[in-house]
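Colleague: Coordinates for the following, if possible.
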Amino acid sequence: MLLADLADASRTVGGTSARLGKIAALASVLRLADADEVAVVVAYLSGELPQRQIGVGWASLRSAPPAADTASLTVLGVDQAFTRIGSVAGKGSAAERKRLVEELFRAATSDEQYFLVRLLSGELRQGALDGVMTDAVAKAAEVPVGDVRRAVMLSGSLPVAAQAALQGGSAALAGFGLRVGRPLKPMLAASEASIEEALAKIGGQAAVEWKLDGVRVQAHVSRGDDGPASVRLFTRSLDEITDRLPEIVIALAQLPVKTAVFDGELIALRADGRPYAFQDTASRAASEVDAHGAGTVPLSAFLFDVLHLDGTDLIDLPDAERHSALVSVVPAEMVMPRLVTDDPVAATTFFEDAVARGHEGVVVKSLTTPYAAGRRGAGWIKVKPRHTLDLVVLAVEWGHGRRKGWLSNLHLGARDPETGGWVMLGKTFKGLTDELLTWQTARFLELEDHRDDWTVYVRPEQVVEIAFDGVQRSPRYPGGVALRFARVLRYREDKDAAEADTITTVAALAPTE
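Modeller: Next comes the predicted model:
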């Protein structure tokens, strides 16, 4: 398959506003791909590289050599070129990568160059997000979309599941199983403003658990007939961080299990049990340390779910049964504090206690829901003591007065799940310390797309957590809503733009007329 086919498909999808139209266009191009091309095609049209990072920054893409007159680049040929570029290392590597990028672009037509620039810069957001692409794979392979979703959950990879679906249909998808040592996409939580609303949405008894401001971790434990247990730790983005967390590995290796997959949270706690700032936890989880983590801020593990235990997969069991299995093998001090109740007063007291201890809030969980990996459903609902949203920065204005020389006023956008684009919700410069102003000025100049006299427009990649007092109707912005008294809490380096909150979520918080 020629790269030009993907460039054409990308343009078609980007120009189609209806979700069903996007799905049909994507399914058409997937049907044209050979078996060994499917995974790469799905990755590219989802705006991702199979290699993830190849060391090519935005500066390398600002100027392209003259375009080729005819299309000759193949999808697999481009993938091989990216692998070569990413493997360059050592002295003179920057110059060599630049040479290889220019060589690739010289063989590309103008349409292909445009596609490559957006793919390599992270700007290829024509609406082919995971949900749309998953539906397109199901349509192209003529299989139930639920089969594809489950395979994605168990494999941790949409391209891998797509290749199986298009080669072997539902039978091939059924071959995916939970495998200890291979991470799954984590289950996600929806949001509600109050305990009462969360309990009402769950209906009946529910589990109420602390929500920690920590690092999500998935722990895979396996033990042979003799010898110590092997422990592997993965983040919510499925990156392995085992070598950075020796004290967690030691703690989990002592659990009385042969094989297990746990879901939980890591957090740095003070001697009095209150948490350190999130930045301390995140910094510790990102750092290489000695064999016991000596001399660093220690991390504690709080486990709240078990997906596999001693040869049995548990993801299809209800929450109550999974939790019973969890507490049967994990000591109480490592289990996330939890209350089972249908009483809003008792749940609110538990919530207030969690907040008083310095934690984010609670997660209200249905006792009957299975583990729906990679999806944000109604089975888990997070409640925080303040309204917060994870939004994406679309542009930044230069500051005035004391902030002159810094990029200050943020343009905030919510994700549009229908188009894959962004809907502006307003601006804020509140909550920014001098340290944050310095950091964000450097960060957004790296993400710069273009500018005018007052504003730097950036690629929509940086997620920021915003607190606000409410949502109001507003004809000023295209989504018809705006945030009241928005202020910056922190930048979310652990989330990418595809995980930002949607305009649907924001609109639901607005008062009805």
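Colleague: can you count the residues close to residue 448?
Modeller: 15 (other CB atoms under 10 Å). Placement of C-beta: from N, CA and C, glycine included.
Colleague: Tell me the pLDDT of residue 198.
Modeller: Here, the pLDDT recorded for residue 198 equals 94.
Colleague: residues making contact with the helix or strand where it lies?
Modeller: Using DSSP states H and E, the element containing residue 198 is helix 195-202. Here helix 195-202 makes contact (CB atoms under 8 Å, 6 or more residues apart in numbering) with 192, 206, 208, 342, 344, 347-348, 351, 362, 364-366, 378, 381, 383.
Colleague: Same question for stretch 231-245.
Modeller: Stretch 231-245 has contacts (CB under 8 Å, 6+ apart) with 156, 181, 183, 185-186, 215-221, 248-249, 252-253, 266, 285-289, 293, 299, 494, 496.
Colleague: May I see the ChimeraX selection of the buried members of these?
Modeller: Buried residues within the contacts of stretch 231-245, by 16 or more other CB atoms under 10 Å, are selected in ChimeraX with:
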select :156,183,185,186,215,216,217,218,219,220,221,248,249,252,266,285,289,293,299,494
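Colleague: can you tell me which of the contacts of stretch 231-245 are in strands?
Modeller: With strands taken from DSSP state E, the overlap with the contacts of stretch 231-245 comprises 215, 216, 217, 218, 219, 220, 221, 266, 299.
Colleague: and which of the residues you listed is nearest residue 273?
Modeller: For those, the residue nearest residue 273 by CB to CB is residue 299; the value is 13.9 Å.
Colleague: what residues are up against the residue lying closest to that closest one once chain neighbours are set aside?
Modeller: Leaving aside its sequence neighbours, residue 299 sits nearest to residue 266 (CB to CB, 6 or more residues apart in numbering; 4.7 Å). The contact partners of residue 266, taken as CB under 8 Å, 6+ apart, are 214, 215, 217, 245, 248, 281, 285, 299, 300, 301, 302.
Colleague: Dump those residues into JSON lines; add distance to residue 174 and pLDDT as well.
Modeller: Shown next, in JSON lines, are the contacts of residue 266 (distance: CB to CB, whole Å; pLDDT from 0 to 100):
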{"residue": "214", "distance to residue 174": "36", "pLDDT": "91"}
{"residue": "215", "distance to residue 174": "33", "pLDDT": "93"}
{"residue": "217", "distance to residue 174": "29", "pLDDT": "96"}
{"residue": "245", "distance to residue 174": "35", "pLDDT": "93"}
{"residue": "248", "distance to residue 174": "34", "pLDDT": "95"}
{"residue": "281", "distance to residue 174": "39", "pLDDT": "87"}
{"residue": "285", "distance to residue 174": "36", "pLDDT": "85"}
{"residue": "299", "distance to residue 174": "38", "pLDDT": "93"}
{"residue": "300", "distance to residue 174": "39", "pLDDT": "94"}
{"residue": "301", "distance to residue 174": "34", "pLDDT": "96"}
{"residue": "302", "distance to residue 174": "34", "pLDDT": "98"}
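Colleague: Tell me the one of the ones in strands among the contacts of stretch 231-245 nearest residue 451?
Modeller: Nearest to residue 451 among the ones in strands among the contacts of stretch 231-245, with distances taken as CB to CB, is residue 215, at 34.8 Å.
Colleague: wait, that closest one sits on residue 280?
Modeller: No - proximity of residue 215 to residue 280 does not meet the contact threshold set by CB atoms under 8 Å, at 10.9 Å.
Colleague: What is the most widely separated pair among the contacts of helix 195-202?
Modeller: Greatest spacing in the contacts of helix 195-202, by CB to CB: 348 and 378 (20.2 Å).
Colleague: top of the contacts of helix 195-202 by neighbour count?
Modeller: Each of the contacts of helix 195-202 was scored for neighbours by other CB under 10 Å, and residue 362 scores highest at 29 neighbours.
Colleague: May I have the beta-bridge partners of that one?
Modeller: Taking DSSP bridges, one obtains residue 210, residue 383 as the residues bridged to residue 362.
Colleague: what sits against it?
Modeller: 195, 208, 209, 210, 211, 347, 350, 351, 354, 382, 383.
Colleague: cutoff 6 Å now
Modeller: When contacts are counted by CB atoms under 6 Å, 6 or more residues apart in numbering, residue 362 touches 208, 211, 351, 354, 383.
Colleague: For the stretch 401-513 of the chain, which segments count as helices?
Modeller: 434-446, 503-508 (DSSP state H, counting those that start in this stretch).
Colleague: Could I get the buried residue list for the shortest one?
Modeller: Read it as helix 503-508. Across helix 503-508, burial judged by 16+ other CB under 10 Å covers 503, 505, 506.
Colleague: do the same with stretch 77-87
Modeller: For stretch 77-87, the neighbour count (16+ other CB under 10 Å) marks 78, 79, 81, 82, 85, 86 as buried.
Colleague: contact partners of that stretch?
Modeller: Identification of contacts with stretch 77-87 by CB under 6 Å, 6+ apart yields 3, 40, 51, 54, 97, 100, 104.
Colleague: mind giving me the domain ranges of the chain?
Modeller: Using automatic domain parsing, the domain ranges for the chain come out as 3-174, 188-383, 387-508.
Colleague: now the shortest one: mean pLDDT?
Modeller: Looking back up the chat, that one is domain 387-508. On average, the pLDDT along domain 387-508 is 89.
Colleague: Show me the shaky parts of this protein.
Modeller: Scanning the chain for pLDDT under 70 picks out the ranges 58-59, 62, 123, 125-130, 288-295, 374-377, 401, 469, 511-513.
Colleague: who wins for most neighbours among the contacts of stretch 77-87?
Modeller: Within these, residue 3 tops the neighbour count with 26 neighbours, counted by other CB under 10 Å.
Colleague: so is residue 115 in a helix, a strand, or just coil?
Modeller: Judged by DSSP: H, G, I helix; E, B strand; the rest coil, the three-state class of residue 115 is helix.
Colleague: Which residue is the nearest non-sequential neighbour of it?
Modeller: residue 7 (4.0 Å).
Colleague: cool, residue 9 as well?
Modeller: Spatial nearest neighbour of residue 9, excluding adjacent residues (CB to CB, 6+ apart): residue 29 at 4.1 Å.
Colleague: May I see the buried residues of the longest helix along the chain?
Modeller: Criterion DSSP state H: the longest helix present in the chain is helix 158-174. Buried positions in helix 158-174, judged by neighbour count with 16+ other CB under 10 Å: 158, 159, 160, 161, 162, 163, 164, 165, 166, 170, 172, 173.
Colleague: Identify the farthest-apart pair in those.
Modeller: 159 and 170 (18.1 Å).
Colleague: Now for residue 302, how many residues are close by?
Modeller: By other CB under 10 Å, 20 other residues sit near residue 302.
Colleague: What of residue 423?
Modeller: Around residue 423 there are 22 other residues, counting by other CB under 10 Å.
Colleague: Quick check: beta-bridge partners of it?
Modeller: Bridge pairing for residue 423 (DSSP bridges) gives the partners residue 414.
Colleague: Next up, the contacts around the closest residue to residue 254 other than its chain neighbours.
Modeller: In this structure, residue 254 finds its nearest non-sequential neighbour in residue 229, 7.9 Å apart by CB to CB, 6+ apart. Residue 229 sits next to 221, 223, 253 when contact means CB under 6 Å, 6+ apart.
Colleague: 10 Å - rerun?
Modeller: Residue 229 makes contacts with 221-223, 249, 252-260, as judged by CB atoms under 10 Å, 6 or more residues apart in numbering.
Colleague: Please apply the same query to residue 4.
Modeller: Counting by CB under 10 Å, 6+ apart, residue 4 touches 70, 71, 72, 73, 74, 75, 108, 109, 111, 112, 115.
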